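Novice: Sequence and predicted model, in that order:
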Amino acid sequence: MSPKRRHRLPLVAVATAASALLLAGCAASVPEPAADPTESPSASGSGYPLTIDNCGTEVTFDSAPERVLTIKSTSTEMLLALGLGDHIVASSFSDGPVSEQWADAAADVPVISDSVPGQEAVLEQNPDLVYAGWESNFSAEGAGDRAALATLGLNTIVSPAACQEEGYQPHPLTFDDVFDEITQVGQIFDATDAAATLVADQRAALDAVKPAKGETTALWYSSGSDTPFVGAGSGAPQIMMDAAGLTNIAEDIDETWSSLSWEVVVEANPDVIVLVDSAWGSTEKKIGVLEANPVTAQLDAVKNKRYLIVPFPASEAGVRNVETVQSLVDQVKKLDDAAN
């Protein structure tokens, strides 16, 4: 599905000053792989050594990683979806519970930190790969600088949708970029058959989606009280809303995520509001903000409680995006049926 573009918001109305500070690690990007991800290593592992260009960092695998430390939900769920949960020696910085379909496998994965683990904690796990959801997870104050970890013989990769280096950011993100990561991770782990099956299943599920009928405008409300932080026009929220048949009121903002004034939201008066649910910003908290603000309390979506719920782990580029598209469609239908 190719992204739709409708021009609804004047860019001068957009408050973008906070975006760089709030989501340094969330802007989406995908590298050009050094090897063609469609060329599968053989079952004997003859595709090694495998070298990839990940966010501008060259990473070479002499064999499939066996001990992986994951940071953020997207990386953990990627491996679980590929049936590689037994390769995860520890996970950290989860954004919320994993999808129910992987709950049993996730129960066996040790959690070492609710935030980014420090380098010492990382090394204690004796991993041969650290797989992070955000590029900012790798720093001297965080899990360790990538170059420094490499000198210790430790490979690192970042979800390509989160790369920050110029030339590595998809513009805009597409579902093909999401599927390419699945393919490349399968190549890294010599699990190309599992990756091909997962991509085929997700493409089929995406093709089977019947988008919401008519034009339904939507605000993707991720966080913020005084100024909302929203899904903009070039990242995961946009591709999911496009596929679900929703018109993002912030789609003309050429960012993955952005701040947006409440005045602009009120002017757009979206038909539905997508609430991103997280431990630090629950659905109930966001509804409280919307209803307590005398300006937003007058929005039709607030008065009629036309809310769609998306778990935070499903709001970033990853293996839960396709299921989220169907969920959005189902939730809109439920609201429409209740209103009729």
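Specialist: All right, it came through fine.
Novice: what about this structure, any weak spots by pLDDT?
Specialist: Low-confidence regions of the chain, defined by pLDDT under 70, span residues 1-46.
Novice: can you give me the helices for this protein?
Specialist: Here the chain has its helices, by DSSP state H, at 19-22, 73-81, 103-106, 119-124, 146-151, 175-188, 192-208, 236-244, 262-268, 283-292, 300-303, 321-339.
Novice: how about the ones you listed in a markdown table, adding distance to residue 90 and mean neighbour count?
Specialist: For glycine as for every other residue, the C-beta is placed from the backbone atoms N, C-alpha and C. Below are these laid out as a markdown table (distance: least, CB to CB, whole Å; neighbours: other CB atoms under 10 Å):
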| stretch | distance to residue 90 | mean neighbour count |
| --- | --- | --- |
| helix 19-22 | 28 | 15 |
| helix 73-81 | 10 | 26 |
| helix 103-106 | 12 | 15 |
| helix 119-124 | 9 | 17 |
| helix 146-151 | 15 | 15 |
| helix 175-188 | 18 | 22 |
| helix 192-208 | 22 | 15 |
| helix 236-244 | 26 | 27 |
| helix 262-268 | 40 | 17 |
| helix 283-292 | 29 | 16 |
| helix 300-303 | 41 | 16 |
| helix 321-339 | 25 | 18 |
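Novice: Tell me the bridge partners for residue 221.
Specialist: The residues paired with residue 221 through beta bridges, assigned by DSSP bridges, are residue 230, residue 275.
Novice: neighbours around it, how many?
Specialist: The burial metric for residue 221, expressed as a neighbour count using other CB atoms under 10 Å, is 27.
Novice: Now do the same contact list for it.
Specialist: 228, 230, 273, 274, 275, 276, 286, 290 (CB atoms under 8 Å, 6 or more residues apart in numbering).
Novice: Please repeat the previous calculation with a cut-off of 7 Å.
Specialist: Shown in contact with residue 221 (CB atoms under 7 Å, 6 or more residues apart in numbering): 228, 230, 273, 274, 275, 276, 286.
Novice: I figured the first one hits residue 261, correct?
Specialist: No: proximity of residue 228 to residue 261 does not meet the contact threshold set by CB atoms under 7 Å, at 8.2 Å.
Novice: so which of the contacts of residue 221 comes closest to residue 266?
Specialist: For these, the minimum distance to residue 266 (CB to CB) is 11.1 Å, reached by residue 228.
Novice: distance of that closest one from residue 130?
Specialist: Separation of residue 228 from residue 130 (CB to CB, to the nearest Å) stands at 33 Å.
Novice: With distance to residue 134 as extra columns, can I get the helices of the chain in a markdown table?
Specialist: Converted to a markdown table, those look like this (distance: least, CB to CB, whole Å):
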| stretch | distance to residue 134 |
| --- | --- |
| helix 19-22 | 12 |
| helix 73-81 | 9 |
| helix 103-106 | 20 |
| helix 119-124 | 15 |
| helix 146-151 | 13 |
| helix 175-188 | 14 |
| helix 192-208 | 22 |
| helix 236-244 | 13 |
| helix 262-268 | 27 |
| helix 283-292 | 22 |
| helix 300-303 | 30 |
| helix 321-339 | 17 |
